[in-house]
Every structure is written in structure tokens, then in C-alpha cells.
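Student: just the structure for this:
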Amino acid sequence: MIYVNKKTSSIKRSRVFFDSMIMPGRKKRCLPDCRKKEKQHKRGKTEHNSMDSDFIITGKERRIMRKRWKIIAVCAAFLLSLTAGCGAAEDLNTVDTDTAEDAVTQESMDAGEESTAIAEETAEESTAAVEETTEESLTTGAYTYHLETEEMAWNTSDGEAALTVTLEYPVFEGNTEAEEAINTFYRSWAADKLESYEAGTDSLAEGALEFRESEVSAGAAPWADDYSVAVVTAVQGVISIRQDNYLFTGGAHGMPGRENHIFSETDGSEVTLASLLPLSEEEVNGLAREAFLSRIEEHPEDGYFEDAADTIRAKTDFFSQSYLTQEGVVFYAQPYEIGPYASGFIEVTVPWEDLGL
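Tutor: Have a look, this model is predicted:
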């Protein structure tokens, strides 16, 4: 028998109902007051009042409640099994969650460290050039060297690239006086080059920034000036180093260029081609001129300009456009000088024997 206190909503379980549910084969027992009320109810002496705080369940209702409680007991057992399973799963999920949180935490720390490194690298790039070194060692004659690169970039206030500069130069790995002097020369060369991009009000960097911030720059590539080491030759007691560069300031294409330096193997001082050759400058210019005219005449399919031969005959300085190889001195004409842009650098070689060496 169950008593329900409607005011407090508490449930009182009598031993009668407990016995009927748990041990249905045993004789039902009831408390004395319960028996008295039940007998009075059967004789009609007691009226059931729905407003009373206590009410009595009849035998028929008791059987119905017994079935319901059996169903509730089965459901409760099922729910308890689910709770236990969920508890285990929750424990596993807790472990997985902790592991995942640890992984996320570690990843966040790694990402933070990487972001810090990137920020530091960006800050360094804004104040100085970035240096890169190739691991491969190269040789020329008895010398070993590798290539190093310095890069600098100028960006607009919005972060758009306006100008990028790449300077590649050789670094000799020996400790001779000549090698140390050459290394000193190129370190100064790179520093002076980088400074020259910002020198003056009409500097290349200033022009690039103004162009990038203008409306006409929409969709245009940033300006660039790139230097790369092309030829390093140890010959005739000197070391000749030729660098190629490509300058782009907008338009259909950039302009290629060359820069050559000659160093003495004795002390690394820079020397001129004229001081190296036993012939006079006029004689050397004559040999170079003759070589160009012969090429123009023998290879018209190369697409020279119609006035190419006249341009060569009028030219008086071939020394400034030359570099050294094992075969001799190479003289060259710039693009557009005697041929179209597509022809590139047009070269002729004067052998060392013809130059008196």
C-alpha cells in the first residue's frame, strides 16, 4: 500500500506493497491500522475523500500497480545498465578529451612558437637583408667557394610587395689573402647595393612604392632586381667573376644586365682587363670589332638590326662589356644594341693567343 502526501509529494511505501512486489508468493501482511481501515472500507463504514492527504488502494488496483511496478523495475534495471555503460564511455571520452586537449595545447604552443619565429623573422627583414647560404661547394682552378644570397623587400602600408631585391655573390672558403680580400669586396658590394635602392628621392624603392600605391598598378607584378653568379673563372693569374642581373620595373618584360669583376690571385685586389693584356686598348678594341663584324656577316639569320655593322664600327669601348673564360676574353653586345630583345646578349670570343697571352 502506498501513501502519497500531496503537500510534500513524498512517497511512503508500506510493507504490504513491498511484500507483494518483492515476494508475491508470501502471505500479504498489513499494519493494524491498515487492516482496520480496509475492513471499514469493505463494510462501507469509511468514505473515501479525494481531498484527504492519504488514500487507500484496493486489491484490484494493487494488482494493477504490481504489474506497473514490475514494468518500472525492468525499465529501471535497463536504465541502470545504460547509466553504467554511459559512465564507462564517459570515462573513455574523458581520457580521450584530456588527450585531445593536451594535443591541442601542444599544437597551440607549437603554433605560438612558430608565429613568434615568423614575427621575429618579419621584423628582421624590415630592418636588414636576409642571408641565405648554399650548401654546395663549387670549384674554379685551385679555389673552392659557395654562393650566398641577400634579399630585401619593400612593401606598401597595406602589405603589398612593391620591390624585391636578390643579391647572389660568391664566398671563397680558403684563407689566402686573395680569397679573404674577394670576400670582403663582395660583402661591401652587397651592402652598397642594398643602400643604393633607397638613396635619393628618385630611388628605385621610392619609385616602386609610388607605383604600387597608384591606381595603374592594379594587377601588375611588383618590381624586382635579381643578381646571380653566372661565371667564376681562375685564369691567367686572375679570378674573373661575372654576375647576371634582371631588372623589372613593369611592362612586358624586364631588362637583363651583366656585371664583371677581375681580381688578382696574388692579393685579391681588383684589376682591369687593360692592365692584364699586353696589347693596347686600341688594338684590343680592333680585335673585338673585327670579331663582331665577322659574325654579323657570316650569320645574318641571327636577326641583327640593319644598322648593326655601322653600330659596331662606331663603337670605341668594348672593354666595359667583357668577361674571362679559359678560352679567352668574351665581348658582348647588350640586348637592343645590334639585335632585338629576343636575341639576348650577342657574344664573340677573342682567344688568349690573339691577345698576346
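Student: please count neighbours and contacts with C-alpha atoms only from this point.
Tutor: OK.
Student: can you map out the strands along this structure?
Tutor: Taking DSSP state E, the strands of the chain run over residues 2-5, 10-13, 130-133, 138-140, 143-155, 161-172, 223-235, 238-248, 255-264, 270-271, 322-324, 328-333, 346-351.
Student: same list, these, but as a markdown table with mean neighbour count please.
Tutor: Converted to a markdown table, the strands of the chain look like this (neighbours: other Cα atoms under 10 Å):
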| stretch | mean neighbour count |
| --- | --- |
| strand 2-5 | 16 |
| strand 10-13 | 11 |
| strand 130-133 | 14 |
| strand 138-140 | 13 |
| strand 143-155 | 18 |
| strand 161-172 | 21 |
| strand 223-235 | 19 |
| strand 238-248 | 20 |
| strand 255-264 | 19 |
| strand 270-271 | 16 |
| strand 322-324 | 24 |
| strand 328-333 | 20 |
| strand 346-351 | 18 |
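Student: make a markdown table from those strands and add mean pLDDT to it.
Tutor: Output for these, formatted as a markdown table (pLDDT from 0 to 100):
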| stretch | mean pLDDT |
| --- | --- |
| strand 2-5 | 34 |
| strand 10-13 | 38 |
| strand 130-133 | 64 |
| strand 138-140 | 96 |
| strand 143-155 | 97 |
| strand 161-172 | 97 |
| strand 223-235 | 98 |
| strand 238-248 | 98 |
| strand 255-264 | 98 |
| strand 270-271 | 98 |
| strand 322-324 | 98 |
| strand 328-333 | 98 |
| strand 346-351 | 98 |
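Student: let's have those in TSV, adding distance to residue 181.
Tutor: Converted to TSV, the strands of the chain look like this (distance: least, Cα to Cα, whole Å):
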stretch	distance to residue 181
strand 2-5	106
strand 10-13	101
strand 130-133	19
strand 138-140	17
strand 143-155	14
strand 161-172	10
strand 223-235	15
strand 238-248	12
strand 255-264	9
strand 270-271	9
strand 322-324	20
strand 328-333	24
strand 346-351	29
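Student: and residue 185, which of those strands is closest to it?
Tutor: Proximity to residue 185 (Cα to Cα) singles out strand 270-271 among the strands of the chain, at 9.0 Å.
Student: closest one to residue 313 among the strands of the chain?
Tutor: When the strands of the chain are compared by Cα to Cα, strand 328-333 sits nearest residue 313, at 12.9 Å.
Student: that closest one pairs with which strands?
Tutor: With DSSP bridges as the test, strand 328-333 is paired with strand 322-324 (antiparallel), strand 346-351 (antiparallel).
Student: out of the strands of the chain, the one nearest residue 310 is which?
Tutor: When these are compared by Cα to Cα, strand 328-333 sits nearest residue 310, at 13.5 Å.
Student: got the domain ranges for the chain?
Tutor: Here the domain assignment for the chain is 128-271, 276-357, based on automatic domain parsing.
Student: can you redo those as TSV with distance to residue 73?
Tutor: TSV is the format used below for those (distance: least, Cα to Cα, whole Å):
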stretch	distance to residue 73
domain 128-271	71
domain 276-357	94
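Student: out of those, which gets nearest to residue 71?
Tutor: Closest to residue 71 of those, according to Cα to Cα: domain 128-271, at 72.1 Å.
Student: if we can go back for a sec, let me have the strands paired with strand 328-333 in TSV, extended by distance to residue 302.
Tutor: Below are these laid out as TSV (distance: least, Cα to Cα, whole Å):
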stretch	distance to residue 302
strand 322-324	21
strand 346-351	9
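Student: for residue 214, find the nearest of these.
Tutor: Among the strands paired with strand 328-333, strand 346-351 comes nearest to residue 214, with 37.2 Å by Cα to Cα.
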